[in-house]
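**Q** No sequence on hand, only this structure:
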């Protein structure tokens, strides 16, 4: 008999079927048992005699043969897609036996402390609520690619090993590279800009590494970045439009609390945002160069209340606070053509129009006390006709966290890396 | 006026248009010039007076306004999609000027030595033949995702920093990880296997790192891998079917020499392949544990001649020559349920059915003189019901190389990393 998936059982009432999956839960009622069988497509209840069910443990991988039957009216489970039916098992074969579980996997919510959740990752991820986080994450990635393709971007694959600690300062990881030294890239930034000179519009999903010597709920040492870079733009507006188009596309996923997406996302210069925050809270921010986490929450609250939008775009951060390649606003050069996209109280994307003139770029590099020699390959791209361009980058884990109201970005990474943990505690 | 793309010019004959792009080539005929304008969608000929064209250099980024006209019959270029038309320029604005070129970018083939090609990567990639390599590469990646989704795999994102030099021996890169030591993963192997216990079927596009202290035409220090892993399989055959399905899907791209894809890819055990090679060449291979590059070419020649197939699948490599997690064939345990997929004379994919029983796996780890302690997180997955499973992995650069008949895998990597080069020579 050929295996069918749980999601297809509803079409097989009265039929004998073969299912494969894991024992998600087992309720022993003496002579009979109810098994929740989980496969990649869903969960179904299996009714089995104790003779069959005695041999199995929760989380074991099994094959079950049986007949699909309608459940009695009063036993229908409206929360389950297969809630109107069940399988009456005639045969149960263990493919791979599970050990006794160190934690209770039978509850809908695991309710574990974060270290336990991560220590037992291969087990805890089997909890359907945990699994769902990463199904959503896969959806976000797919939405990103679809949106980038809709913008006519070409996918590129760029390296993560670099010869110099690019983008200046900050915390980079060193690699012993044969008998030399190399570094893990902090972002695909320089490479995606180079590729604008080739493809005009590019996107890439890549890993970025930050050796931040601090532990917060929103930072990881290794993250997945979703990057776009767009050339031959007409101006700054076009970049904001592209940013917001991609941002809106990313959050079209199957979550309970649907994001508020107004057709027109409110756009504020940093100074305007600070004024609004001051009006709402009395906090004077005129000396601040950026929004701190508290400010981000406040301005997002404003956007929700006033514009019915879970998004708000903040532009014109001080030039000296952004990366060297950021284009200053020609009309007020101490502010830059930069932007952050905030979503539900947190920055999920950042970007800018870039300096595209070679000489200006070299000057900007020197002004940051960086060495143009370290940017040789990158600068080459600006010698041979770099159009007006800009781009942005989304953090996959952080966006997943916010969409699902998770408390810690580590819950949105399959195998999170931080200062203290690489799978196990260091 | 709104910019249109070159590919849309054929619908605009007689109309005035605005184009943006790069001067791909400039032929000066005294009072008039012919410009080949390149944008992300194609190339079109622009007819300009010397007054307009005198200010521009090849590779400069420009805006051109002009009228689309039919070319005289005898000037039609059948090799160009826009070969029947041209733009009569009325205005030409330089967006970003190119410096004088250090190489001749006007030829269809660059004909550069590899080091020059790579030293000037941001420039040489603008050559349409070079650009095309990476358009095909993006297509391969897309085909991979589509094929994996068709197999009902979920996309996962796994880390590249690991706590131990997994998979045993071999050359790994060390990272200074805060005040500890960590390593770059040699493949996403262990993580994708863990994730079979969660999603049953997964795929991932990830970076893999090999500190191979040798320089060959087919090895890189950092590569992009396309990985699938599939659980609850019925048996070995199902894995071969999945491998070949994905393999065939990957090569459906816009290349000139279309791959020979027979409906049934020939499958040979290593020993059978060696016998065929002996019959064809007289070389006795009975003591060899693997196919060397010469053998791979020979058995692919056989597959092309006898089966009209550019693919051939080789199975049953000696157990001790494959990674510890490889399942031995129960009928002859010195050979394993492993496979390589060869394409046009080179291995492009490798994989196996895996040991899914915890105790057997721990034994296999110890037999390789590896320490189960280093595999703690991985082994946890096998404690809680790992079904029969297996998978495979394609090398993106190597497949791109073979599909386009490139001589060196470095030509199939945007920014190749090897022992001697990280963008510039080390």
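**A** Good, I have the coordinates. This is a predicted model, so every value here is computed, not measured.

**Q** For residue A:55, give its distance to residue A:329.
**A** Residue A:55 sits 71 Å away from residue A:329, going by C-beta to C-beta, to the nearest Å. (C-beta placed from N, C-alpha, C; glycine too.)

**Q** ugh, wrong one, residue A:65
**A** When distances are taken as C-beta to C-beta, residue A:65 and residue A:329 turn out to be 69 Å apart.

**Q** which of the two has more neighbours?
**A** When neighbours are counted by other C-beta atoms under 10 Å in any protein chain shown, residue A:329 comes out ahead of the other of residue A:65 and residue A:329, with 18 against 15.

**Q** so what's the more buried one bridging to?
**A** Partner residues in beta bridges with residue A:329, using DSSP bridges, are residue A:332.

**Q** doesn't residue A:336 make contact with it?
**A** Yes: the pair residue A:329 / residue A:336 is scored as a contact, 6.2 Å apart, by C-beta atoms under 8 Å.

**Q** what touches both of the two?
**A** Both residue A:329 and residue A:336 are in contact with residue A:316, where contact means C-beta atoms under 8 Å, 6 or more residues apart in numbering or on different chains.

**Q** now the strand ranked longest in chain A, how far from the centre of its chain.
**A** Longest strand in chain A by number of residues (criterion: DSSP state E): strand A:16-29. Shown here is strand A:16-29, whose average C-alpha point lies 32 Å from the average C-alpha point of the whole chain (C-alpha atoms, centre = their mean, to the nearest Å).

**Q** Just list what it packs against, helices and strands only.
**A** Secondary-structure packing of strand A:16-29 (3 or more C-beta pairs under 8 Å, 6 or more residues apart in numbering or on different chains; DSSP states H and E): strand A:32-39, strand A:42-49, helix A:50-53, strand A:61-70, strand A:85-96.

**Q** among those, which gets the worst mean confidence?
**A** Taking each of the helices and strands packed on strand A:16-29 in turn, the one with the lowest mean pLDDT is helix A:50-53, at a mean of 92.

**Q** contacting residues around that helix?
**A** A:26, A:28, A:30, A:31, A:32, A:33, A:35, A:89, A:91, A:92.

**Q** Which one of those sits in the busiest neighbourhood?
**A** Counting by other C-beta under 10 Å, top hit in the contacts of helix A:50-53: residue A:35 with 27 neighbours.

**Q** Output the below-cut-off pLDDT ranges for the stretch 51-200 of chain A.
**A** Regions of the stretch 51-200 of chain A meeting the criterion pLDDT under 70 cover residues A:166-170.

**Q** show me where it has strands.
**A** Listed in chain order, the strands of the stretch 51-200 of chain A (DSSP state E, counting those that start in this stretch) span A:61-70, A:85-96, A:154-155, A:161-162, A:174-177, A:180-184.

**Q** Most tightly packed of the ones you listed?
**A** Among these, strand A:161-162 has the highest mean neighbour count (mean count of other C-beta atoms under 10 Å in any protein chain shown), at a mean of 22.

**Q** got the contact list for it?
**A** Residues beyond strand A:161-162 that count as contacts (C-beta under 8 Å, 6+ apart) turn out to be A:175, A:177, A:182-185, B:173, B:209, B:221-222, B:417, B:422-423.

**Q** what does the stretch 301-426 of chain A put close to chain B?
**A** Residues of the stretch 301-426 of chain A found near chain B (C-beta under 8 Å from any C-beta of the partner chain) are A:356-357, A:376-378, A:380-381, A:383-388, A:396, A:413-415, A:417, A:419, A:422-424, A:426.

**Q** Check the stretch 251-400 of chain A for the residue nearest chain B and tell me.
**A** residue A:381 (3.7 Å; C-beta to the nearest C-beta).

**Q** and the angle for the longest helix anywhere in chain A with helix B:128-150?
**A** As assigned by DSSP state H, the longest helix anywhere in chain A is helix A:128-150. If you take axes from the mean of the first three to the mean of the last three C-alpha atoms, to 10 degrees, helix A:128-150 sits at 150 degrees to helix B:128-150.

**Q** Chain A - how does it break down into domains?
**A** A:6-96, A:122-425 (automatic domain parsing).

**Q** got the end-to-end distance for stretch A:282-292?
**A** The separation between the terminal residues of stretch A:282-292, taken as C-alpha to C-alpha, to the nearest Å, is 15 Å.

**Q** next one: stretch A:118-127
**A** When the termini of stretch A:118-127 are compared using C-alpha to C-alpha, they are 13 Å apart.

**Q** same question, stretch A:64-75
**A** 21 Å.

**Q** What lies in contact with that stretch?
**A** By C-beta under 8 Å, 6+ apart, the list of residues contacting stretch A:64-75 from outside reads A:1, A:9, A:12-21, A:35, A:37, A:45-46, A:48, A:77, A:83-93.

**Q** cool, and stretch A:246-266?
**A** Taking contacts as C-beta under 8 Å, 6+ apart, the residues outside stretch A:246-266 that touch it are A:136, A:139-140, A:143-144, A:146-148, A:150-151, A:226, A:228, A:244, A:303-304, A:306-313, A:341, A:343-344, A:348-349, A:392, A:394, A:399, A:403-405.
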